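# When you get a sec, could you give me coordinates for this:
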Amino acid sequence: MIINKLKEYKADFLLFTVAIAWGLTFLIVQDAIKNVEVFSFLFWRFSLACVIMFVISYKYFDQINKESVFYGCVLGVVLFAGFSTQTFGLLYVKSSIVAFITGFNVILVPFLALLFFKQKISKNVFLASLIALSGLYFLTMSGELQFAYGEILVLICALMFALHIVLTGQFSRKGNVFIIVCFQFLTVSVLSLIFSLSLEEVTFNVTFDYVFIKAVVITAIFATVYAFLIQTYMQQYTSASKTAIIFTMEPVSAALFGVYVGNEFLSSYQIFGAVLIILATLLAELKWKKKEEVVF
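Numbers count the residues shown, from 1 in each chain. Okay, the predicted model is just below:
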């Protein structure tokens, strides 16, 4: 029991570092896509990540089977759908609102886990999800929330990211993690290439300047290979609901990084939102009495 609990704490901590990595690379990506179209950037990012991942995983190639390949491809499709709907949503909705609606996945995850895999929702995790969503509101919102075409796209994005977290938790226990991640990256890379060639003017002949190369290399290594390998491996030891709550630390780290590097300003409301998210991640770690534990 103690060993399992230590594994869970270790998993939660490493997932926390994933959220930090995503937050710290936000400004880097933002700068890169000013001059490079989104699907083209995703193609280069995930292609490099795919190469790195295949090098890391070569010793597991003898364990390639149709189940692990299938799991990786499914996760890749879902992840790409999340990126795509979020990207197109940004064409119609302010980025702050996109960030908030995307954060709805913290509420969607426990209900998807309950719906598809009969995972019960504990009281502290459900409460932590509500607190985290409230924190996201204060941290990110700077406009009027409506229910139009752009918002619907981003809501689909939130659903896809929630589904990705839930499926990752299930698939990581059934297949080889390294093979799953390899084929997840390959799927996103191929789909990004198809969409870039279909919708964008530039795919291969991008300008390989310092900003682009830095963004591709850093995001491929830290925000892709490290992040998704850790997520896939560590979700074997913790719940999908807790993972979603931990991942709400991404906008917190992005905001703090923006203050210290990008000379951005955090209002008192945003600071309050960040504190709520931190409290939510701590609350998710608590264990209440079993008779009070289950909400649904």
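# wait, what's in contact with the nearest residue to residue 138 once chain neighbours are set aside?
Residue nearest to residue 138 in three dimensions, not counting chain neighbours: residue 273, with 2.9 Å by C-beta to C-beta, 6 or more residues apart in numbering. In this view, the C-beta of every residue, glycine as well, is placed from N, C-alpha and C. Shown in contact with residue 273 (C-beta atoms under 8 Å, 6 or more residues apart in numbering): 134, 135, 136, 137, 138, 139, 140.
# cool, residue 276 as well?
With C-beta under 8 Å, 6+ apart, residue 276 has these contacts: 131, 132, 134, 135, 138.
# Name the helix or strand for the first one, please.
Using DSSP states H and E, the secondary-structure element containing residue 131 is helix 123-140.
# If we go by neighbour counts, what in that helix is buried?
Within helix 123-140, the residues scored as buried using 16 or more other C-beta atoms under 10 Å are 124-129, 131-133, 135-136, 138-140.
# can you check stretch 208-223 too?
Buried residues in stretch 208-223 (16+ other C-beta under 10 Å): 212, 215, 216, 218, 219, 220, 221, 222, 223.
# right, and residue 90 touches residue 98 too?
Yes: with contacts counted by C-beta atoms under 8 Å, residue 90 reaches residue 98, the gap being 5.6 Å.
# neighbour count winner among the two?
More crowded of residue 90 and residue 98, by other C-beta atoms under 10 Å: residue 98, with 22 against 18.
# right, and that one touches residue 89 too?
Yes: here residue 98 reaches residue 89: they are 5.5 Å apart, a contact under C-beta under 8 Å.
# residue ranges with poor pLDDT in the stretch 101-250 of the chain?
Counting by pLDDT under 70, the stretch 101-250 of the chain has low-confidence residues at 142-146.
# go with 90
Counting by pLDDT under 90, the stretch 101-250 of the chain shows low-confidence ranges at 101-104, 107, 114-126, 136-151, 154, 207, 211, 250.
# Helices along that one, start to end?
In the stretch 101-250 of the chain, the segments counted as helices under DSSP state H, counting those that start in this stretch are 105-117, 123-140, 149-171, 177-199, 210-218, 227-234, 240-247, 249-261.
# So for residue 50, which of those sits nearest?
Taking C-beta to C-beta, helix 177-199 is the member of the helices of the stretch 101-250 of the chain nearest to residue 50, at 4.1 Å.
# ok, and the closest non-adjacent residue to residue 46?
Residue 46's closest residue in space is residue 189 (C-beta to C-beta, 6+ apart), at 4.0 Å.
# so the one you found touches residue 52, yeah?
No: here residue 189 does not reach residue 52: they are 11.9 Å apart, not a contact under C-beta under 8 Å.
# who has more neighbours, the two?
More neighbours surround residue 189 than the other of residue 189 and residue 52, with 22 against 19 (other C-beta under 10 Å).
# Output the contacting helices and strands for the helix holding residue 131.
helix 95-102, helix 105-117, helix 240-247, helix 249-261, helix 268-283, helix 290-293 (3 or more C-beta pairs under 8 Å, 6 or more residues apart in numbering; DSSP states H and E).
# need those helices in CSV with distance to residue 166, can you?
Converted to CSV, the helices and strands packed on helix 123-140 look like this (distance: least, C-beta to C-beta, whole Å):
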stretch, distance to residue 166
helix 95-102, 16
helix 105-117, 5
helix 240-247, 5
helix 249-261, 18
helix 268-283, 19
helix 290-293, 20
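# Relative to residue 253, which of the buried residues of helix 123-140 is nearest.
Using C-beta to C-beta, those come closest to residue 253 at residue 139, 11.1 Å.
# Residue 272 versus the closest one, what's the distance?
For residue 139, the distance to residue 272 (C-beta to C-beta, to the nearest Å) stands at 8 Å.
# try residue 97
18 Å.
# Who has more neighbours out of the two?
residue 97 (22 against 14).
# mind checking pLDDT for that one?
For residue 97, the pLDDT comes out at 78.
# and if you look at residue 294?
62.
# these two touch, right, residue 75 and residue 163?
No: applying C-beta under 8 Å as the test, residue 75 and residue 163 come out as separate, 9.4 Å apart.
# These two: who's more crowded?
Each of residue 75 and residue 163 has its neighbours counted (other C-beta under 10 Å); residue 75 has more, 25 against 22.
# what about that one, distance to residue 208?
Distance, residue 75 to residue 208, by C-beta to C-beta: 29 Å.
# Ok, residue 97 next?
Distance, residue 97 to residue 208, by C-beta to C-beta: 33 Å.
# So what's the gap between stretch 80-90 and the chain middle?
Distance, stretch centre to chain centre, for stretch 80-90: 12 Å (C-alpha atoms, centre = their mean, to the nearest Å).
# what's the model's confidence in it, averaged?
Computed over stretch 80-90, the average pLDDT equals 88.
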